[in-house]
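Asks: no FASTA, just this:
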Ligand SMILES: NC(=O)c1ccc[n+]([C@@H]2O[C@H](COP(=O)([O-])OP(=O)(O)OC[C@H]3O[C@@H](n4cnc5c(N)ncnc54)[C@H](O)[C@@H]3O)[C@@H](O)[C@H]2O)c1
Ligand SMILES: O=C(O)C[C@H](O)C(=O)O
């Protein structure tokens, strides 16, 4: 039996994500929580002829606790999205408190659940969840995941566009490492499963890298004040959540990208710190997931000089973002 929960389930990401989870035969129970509209979303989804039993709760009457009780996987897309001109870090002011409060609920009602954080700024919200769980004495770094799948989905799509064959998009894999904001998003195009054409110039490589790093801004601009990526994020979030559920159910060797605490697997986490030359607490990389959570953080491997420079450019911002999340909980009363 697998119970999946979406916190922020009535939102732009939450609704299509809940739909995709309800569509999966791997989900037996689906708990939906938001500050608005979840009874309606749950009633609507509950008519779909798939096995998952759906329930929706609002804050009154211990709604968060009721949603989380028995959860195996909790996905968090709660919080405000960007408008044009904003950075993800600009969302910290509002989203940090939302994520803190939801993490407090998880710490008490579902301390063993796998927690998948979508809310931005991911580089800081993941540390916030970790610090809350630590304060409650229930932090297991193997079970906490920042969702960076959308960066990898974008890289697959953009590379397959360049290869002139969108049908390749589901087959092309490009590791994207670092974090989830601007320059902290580091695509490793040299490791693409489908190499770029040999005629591809350095300028084109730079432009493609920038497009992957700032893909989110493309959507924010196109939505023109109405929010950021929701549908592609729901697709990516469901892809990641389903992989986690398959691992929970005992499937081995599942690999997925995620922004994780580097003690989640000490040996490979330490090796990665050596590769990047910095003692960072969190980093995004392809990871192997098992029934207990993170099994291994994959090494970056051989990088081009350009990719090495991208990693170096990412580190200061990542460090600042992590510290901001950690100190927010350090100073807050739970
Ligand atoms: N990790 C990624 O790759 C990625 C991609 C896209 C968007 N995001 C982020 O996801 C978040 C949500 O984006 P969206 O477009 O769905 O926004 P949205 O405004 O459409 O939906 C957010 C939902 O969160 C709910 N919410 C607010 N406070 C809450 C609380 N305390 N408890 C429960 N629910 C609460 C709102 O009622 C709303 O339904 C944003 O922070 C956005 O930046 C991350
Ligand atoms: O760009 C955003 O603010 C949303 C999300 O992080 C994305 O990458 O699309």
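Replies: In hand now; what should we look at? Computed from a predicted structure; not experimentally measured. Residues are numbered from 1 along each chain as shown. Ligands and ions are numbered 1, 2, ... in the order given.
Asks: Which residue ranges of the chain form helices?
Replies: Secondary structure of the chain (DSSP state H): helices at 14-23, 38-45, 63-68, 92-109, 122-135, 149-162, 202-213, 215-223, 231-248, 266-276, 305-330.
Asks: OK, contacts around the residue in the chain positioned nearest to ligand 2?
Replies: Closest contact between the chain and ligand 2, by CB to the nearest ligand atom, is at residue 216 (2.2 Å). Glycine gets a C-beta too; all of them are placed from N, C-alpha and C. Shown in contact with residue 216 (CB atoms under 8 Å, 6 or more residues apart in numbering): 82, 88, 150, 228, 229.
Asks: List the contacts of the residue of the stretch 151-300 of the chain found nearest ligand 1.
Replies: The nearest approach of the stretch 151-300 of the chain to ligand 1 comes at residue 233, 3.8 Å away (CB to the nearest ligand atom). Residue 233 sits next to 13, 17, 77, 118, 150 when contact means CB under 8 Å, 6+ apart.
Asks: how about the residues of the stretch 1-150 of the chain near ligand 2?
Replies: 81, 82, 88, 120, 150 (CB under 6 Å from any ligand atom).
Asks: switch to 5 Å and redo it
Replies: Counting by CB under 5 Å from any ligand atom, the stretch 1-150 of the chain comes close to ligand 2 at residue 82.
Asks: From residue 227, how far off is the residue of the chain found nearest ligand 1?
Replies: At 2.1 Å from ligand 1, residue 11 is the closest residue in the chain, using CB to the nearest ligand atom. Distance check for residue 11 against residue 227: by CB to CB, to the nearest Å, it reads 9 Å.
Asks: got a list of what the spatially most central residue of the chain touches?
Replies: Residue closest to the mean C-alpha point of the chain, counted by CA atoms, centre = their mean, is residue 147 at 0.8 Å. Residues near residue 147 by CB under 8 Å, 6+ apart: 75, 116, 117, 118, 122, 236, 237, 240, 258, 259.
Asks: How about it, nearest residue that isn't a chain neighbour?
Replies: Spatially, and ignoring its direct neighbours in sequence, residue 147 is nearest to residue 118 (4.8 Å; CB to CB, 6 or more residues apart in numbering).
Asks: follow-up on the earlier one: I'd guessed the residue of the chain closest to ligand 1 sits against residue 76; true?
Replies: No: under the criterion of CB atoms under 8 Å, residue 11 is not in contact with residue 76, lying 10.8 Å apart.
Asks: how does the protein divide up, domain by domain?
Replies: 3-146, 149-334 (automatic domain parsing).
Asks: okay if I get the ones you listed as TSV plus mean pLDDT?
Replies: Listed next are those as TSV, based on pLDDT from 0 to 100:
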stretch	mean pLDDT
domain 3-146	98
domain 149-334	97
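Asks: which residue packs closest to the residue of the chain closest to ligand 1, ignoring adjacent ones?
Replies: That would be residue 77: by CB to CB, 6+ apart, it lies 6.1 Å from residue 11.
Asks: Residue 209 too?
Replies: The shortest distance from residue 209 to any non-neighbouring residue, by CB to CB, 6+ apart, is to residue 187 (5.7 Å).
Asks: returning to what we had before: looking at residue 11 and residue 227, which one has more neighbours?
Replies: Comparing residue 11 with residue 227 by other CB atoms under 10 Å, the one with more neighbours is residue 11, at 27 against 16.
Asks: any idea how far that one is from residue 228?
Replies: Where residue 228 is concerned, residue 11 sits at a distance of 11 Å (CB to CB).
Asks: quick revisit: which of the helices of the chain is buried the deepest?
Replies: Neighbour counts (mean count of other CB atoms under 10 Å) averaged over each of the helices of the chain peak at helix 122-135, with a mean of 25.
Asks: got the contact list for residue 158?
Replies: Contacts of residue 158 by CB under 8 Å, 6+ apart are 208, 211, 212, 215.
Asks: contacting residues for residue 297?
Replies: Counting by CB under 8 Å, 6+ apart, residue 297 touches 260, 262, 264, 265, 268, 269, 272, 283, 285, 287.
Asks: Among the residues you listed, pick out the one closest to residue 170, please.
Replies: Distance to residue 170, by CB to CB, is smallest for residue 287 among the contacts of residue 297, at 20.4 Å.
Asks: residues from the stretch 151-300 of the chain in reach of ligand 1?
Replies: Contact residues, the stretch 151-300 of the chain versus ligand 1 (CB under 5 Å from any ligand atom): 227, 229, 230, 233.
Asks: if you set the cut-off to 8 Å instead, what comes out?
Replies: Residues of the stretch 151-300 of the chain lying close to ligand 1 (CB under 8 Å from any ligand atom) are 151, 180, 216, 227, 228, 229, 230, 232, 233, 236, 237.
Asks: biggest separation within these, which pair?
Replies: Using CB to CB, the pair of those lying farthest apart is 151 and 227, separated by 18.3 Å.
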